[in-house]
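# Mind folding the following:
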Amino acid sequence: MNSIVLAILVIVCVGALGVAFVPSVAGTSGRANKRLKALNANAPRNPADRAGWEREQRRKEMQQAISEQAKAQERKNKRVPLQMQLYQAGMKIKKATFIRNSIIFGGIVFVLLFLLGVPILFAMSFALGAGYLLPRMYMARRRKKYRKAFLEEFPNAVEAIVRGVKTGLPLNDSLKVVAREVKEPVRSEFAHVVDAQAMGATTEEAVSKIYERLPISEVNFFVVVISVQQKSGGNLSEALTNLARVLRDRKKMQAKVRAMSSEAKASAMIIGSLPFIVAMLVSFVTPTYLLPLISTPLGNVMLGVAAVMMSIGIFIMNRMVQFDF
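Coordinates of the predicted model:
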């Protein structure tokens, strides 16, 4: 009886060893080998060609990450909250304060127009338009100026991170150096990154917050480089060096386009201001010549139509000299 039990145990052990080792010896039925074959099916055998293939795979991965992040940010930016717009403009006020100031400004415009003898209906219309549009135009101008100031200093920040990584500093410490030593507004943005890391966020999550606050392509490049490096590894200093070079090349291209379009912008400004200059000169030479435009109902209608047409023309000329690059 004992010999039978011993024989059964021997058979079970031999079977278990066969199940464990035979697939790996055969090399064709193991799941791990199947995954490796699927992964390396298209990989070249030559080491030089394989290095190029790996770079191509990394490039495709980065392009896919850029596309996915741009689509996600586009969905978020369909309706940017007012508080986020104020932050992107570098304004330290709350949303309620901005709305209150807009209402006060509209009220001041209404009082001035009423004191100047403008009919109440027209005064209310102009006051509503001024109270809503002019503060937002000012905020949009501040947003554009804030982004321009950020892009002026951003390549220096990237190069500072490269120097830190090359000297052996971890990426987190390099980000802290940028948050402490570079100029505004880059310093404040990276300070938020350091604070997010201190609160427990990963480096990828903390860096992506910059793109949420400043949805511009240069910041997107930086976020994608950091994200891909955190996920799949690689030479971070080389990637950031290439990114800094790309940022400086884009900056040079922007300056070149701005210089080439300066003549068109000057022409648009002259053409847009010419009717107002002519009206002032005619009023100075003959004060009663343009008076019917103000004193008669038909003149008011014509003046309103002229104002609308001038606004449309100025808007079209402004869009013609704006370049996205």
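# which non-adjacent residue is nearest A123?
L113 (3.9 Å; C-beta to C-beta, 6 or more residues apart in numbering). All C-beta spots, glycine's among them, are computed from the backbone N, C-alpha and C.
# Can you tell me how far that neighbour is from R136?
For L113, the distance to R136 (C-beta to C-beta, to the nearest Å) stands at 20 Å.
# more crowded one of these two?
L113 (19 against 14; other C-beta atoms under 10 Å).
# quick one: contacts for the more buried one?
122-123, 126-127 (C-beta atoms under 8 Å, 6 or more residues apart in numbering).
# out of those, which is most surrounded?
Most surrounded of the contacts of L113: other C-beta under 10 Å gives A127, at 22 neighbours.
# who does whichever strand or helix holds that one touch, helix- and strand-wise?
A127 belongs to helix 120-166 when elements are defined using DSSP states H and E. Using 3 or more C-beta pairs under 8 Å, 6 or more residues apart in numbering; DSSP states H and E, the elements in contact with helix 120-166 are helix 82-88, helix 95-115, helix 171-181, helix 186-198, helix 217-232, helix 236-260.
# Comparing the ones you listed, which stretch has the densest surroundings?
helix 217-232 (a mean of 19; mean count of other C-beta atoms under 10 Å).
# and the helix or strand encompassing E263, average pLDDT?
Element membership of E263 [criterion: DSSP H and E] is helix 262-285. Averaging pLDDT along helix 262-285 gives 83.
# That one relative to helix 236-260, how many degrees between them?
Angle of helix 262-285 versus helix 236-260, following axes from the mean of the first three to the mean of the last three C-alpha atoms, to 10 degrees, is 40 degrees.
# can you give me how far the helix or strand following helix 262-285 is from the chain middle?
Using DSSP H and E, the next helix or strand after helix 262-285 towards the C-terminus is helix 292-295. Relative to its chain's centre, helix 292-295 lies at 49 Å (C-alpha atoms, centre = their mean, to the nearest Å).
# and the next element down the chain from helix 292-295?
With DSSP H and E, the next secondary element past helix 292-295 is helix 297-320.
# Direction-wise, compare that next one with helix 262-285 and give the angle.
Using the same axes, to 10 degrees: helix 297-320 against helix 262-285 is 160 degrees.
# how about helix 297-320: buried residues?
If you call a residue buried by 16 or more other C-beta atoms under 10 Å, then helix 297-320 has these buried ones: M317.
# what domains does the record give for this structure?
147-259, 261-325 (automatic domain parsing).
# returning to what we had before: present the helices and strands packed on helix 120-166 as CSV; the columns should include distance to V162.
Formatted as CSV, the helices and strands packed on helix 120-166 follow (distance: least, C-beta to C-beta, whole Å):
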stretch, distance to V162
helix 82-88, 27
helix 95-115, 38
helix 171-181, 8
helix 186-198, 14
helix 217-232, 11
helix 236-260, 5
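# low pLDDT regions in the stretch 101-250 of the chain?
233-234 (pLDDT under 70).
# how distant is stretch 121-128 from the center of its chain?
With C-alpha atoms, centre = their mean, you get 36 Å for stretch 121-128.
# ok, now stretch 162-171?
Here stretch 162-171 is found 26 Å from its chain centre; the criterion is C-alpha atoms, centre = their mean.
# Over to it now: how far is its first residue from its last?
This stretch, stretch 162-171, spans 9 Å end to end (C-alpha to C-alpha, to the nearest Å).
# let's number from 21 now, not from 1
Done: numbering now begins at 21, and the last item shifts to stretch 182-191.
# now what about it, what contacts it?
Under C-beta under 8 Å, 6+ apart, the answer for stretch 182-191 is 181, 193-194, 197, 223, 246, 256-257, 260-261, 264.
# one more time with 7 Å
193-194, 197, 223, 256-257, 260-261, 264 (C-beta atoms under 7 Å, 6 or more residues apart in numbering).
# Between helix 237-252 and the helix holding A147, find me the angle.
Using the same axes, to 10 degrees: helix 140-186 against helix 237-252 is 40 degrees.
# and the angle for helix 140-186 with helix 115-135?
Using the same axes, to 10 degrees: helix 140-186 against helix 115-135 is 150 degrees.
# quick revisit: with distance to Y107 as new columns, can the domains of the chain be given to me in CSV?
Listed next are the domains of the chain as CSV, based on distance: least, C-beta to C-beta, whole Å:
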stretch, distance to Y107
domain 167-279, 6
domain 281-345, 23
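# do you know which of those lies nearest I124?
domain 281-345 (24.8 Å; C-beta to C-beta).
# Could you report the distance from the residue nearest to Y107 when sequence neighbours are not counted to A226?
Nearest residue to Y107 in three dimensions, chain neighbours excluded: R233, at 6.3 Å (C-beta to C-beta, 6+ apart). Distance, R233 to A226, using C-beta to C-beta: 12 Å.
# Who has more neighbours out of these two?
A226 (22 against 14).
# list the contacts for the more buried one?
Counted by C-beta under 7 Å, 6+ apart, A226 has contacts 213, 216-217.
# Quick check: buried residues in the helix or strand it falls within?
Assigning secondary structure by DSSP H and E places A226 in helix 223-233. Buried residues in helix 223-233, counting neighbours by 16+ other C-beta under 10 Å, are found at 223, 226-231.
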